[in-house]
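Peer 1: no FASTA, just this:
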């Protein structure tokens, strides 16, 4: 447990959330991920957007395979991130199916080299973002490398930034820095949370 007498750091929250996620069983993750996907896919701005970027989940994260498959079936241009470790940046790359993915940096599924189709971040309409923790103001704590913070600075202001999380990952507040980019809304298994 975190000592409330001292200021809670991002690293404290990362450790706590990583521990909580490890306590979840796969069935619980799967069931909650299905509900989260249903909430996300019901949104009008998802239905009305053509170019959508979605993360490919790591173990313990909200699963995104169904989201990606449903978006592809709906004829959307689906884009996934590719980690560029040399510059600690993300490349947006279009995929046409989950079979184009292979384990890349950090064990995250990314397009195979022959399926890298770069997409300019300026055309993204929606970016679906993972996180270890979020707060009710849309602030996010990731794994600490800054990949998403750097990338989100390149997207147009009209692009909707949507965080996916389990209920326990949404806190009243999290520490923020000047370069942190907040989400426009957060979706959990209990519903769509508009940020304050």
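Peer 2: Perfect, thanks for sending it. These numbers were taken from a predicted model, which means no experiment stands behind them.
Peer 1: switch to C-alpha atoms for all contacts and neighbour counts from now on
Peer 2: OK.
Peer 1: so how far is residue 180 from residue 73?
Peer 2: 33 Å (CA to CA, to the nearest Å).
Peer 1: Any regions of this structure where pLDDT drops low?
Peer 2: 1-6, 196 (pLDDT under 70).
Peer 1: Which strands and helices lie in contact with the helix ranked longest in it?
Peer 2: In the chain, taking DSSP state H as the definition, the longest helix is helix 26-41. Applying 3 or more CA pairs under 8 Å, 6 or more residues apart in numbering; DSSP states H and E, one finds that helix 26-41 contacts helix 65-73, strand 185-188, strand 191-194.
Peer 1: Quick check: next helix or strand after that helix?
Peer 2: helix 44-47 (DSSP states H and E).
Peer 1: So what touches that next one?
Peer 2: Outside helix 44-47, the residues that touch it by CA atoms under 8 Å, 6 or more residues apart in numbering are 40-41, 126.
Peer 1: can you check stretch 57-73 too?
Peer 2: 21-22, 24, 29-30, 32-34, 36-37, 41, 54-56, 77-78, 96-98, 107-109, 130, 164-166.
Peer 1: Would you mind listing which of the residues you listed are buried?
Peer 2: 21, 29, 32-34, 36-37, 54-56, 77-78, 96, 108-109, 130, 164-166 (16 or more other CA atoms under 10 Å).
Peer 1: Of residue 73 and residue 180, give the one with the bigger neighbour count.
Peer 2: residue 180 (18 against 11; other CA atoms under 10 Å).
Peer 1: quick one, what contacts that one?
Peer 2: 139-140, 149.
Peer 1: just those residues now: which is nearest residue 89?
Peer 2: Nearest to residue 89 among the contacts of residue 180: residue 149, at 9.1 Å, using CA to CA.
Peer 1: what's that closest one in contact with, if anything?
Peer 2: Neighbours of residue 149 in contact, by CA under 8 Å, 6+ apart: 179-181.
Peer 1: 10 Å - rerun?
Peer 2: Residue 149 makes contacts with 89-90, 140-142, 179-182, as judged by CA atoms under 10 Å, 6 or more residues apart in numbering.
Peer 1: Could you give me the PyMOL selection string for whichever of these are buried?
Peer 2: Of the contacts of residue 149, the buried ones go into a single PyMOL selection, burial set by 16+ other CA under 10 Å:
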select buried, resi 89+90+140+141+142+180+181+182
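Peer 1: tell me which of the contacts of residue 149 is nearest to residue 153?
Peer 2: Residue 153 lies nearest to residue 181 out of the contacts of residue 149, by CA to CA, at 7.3 Å.
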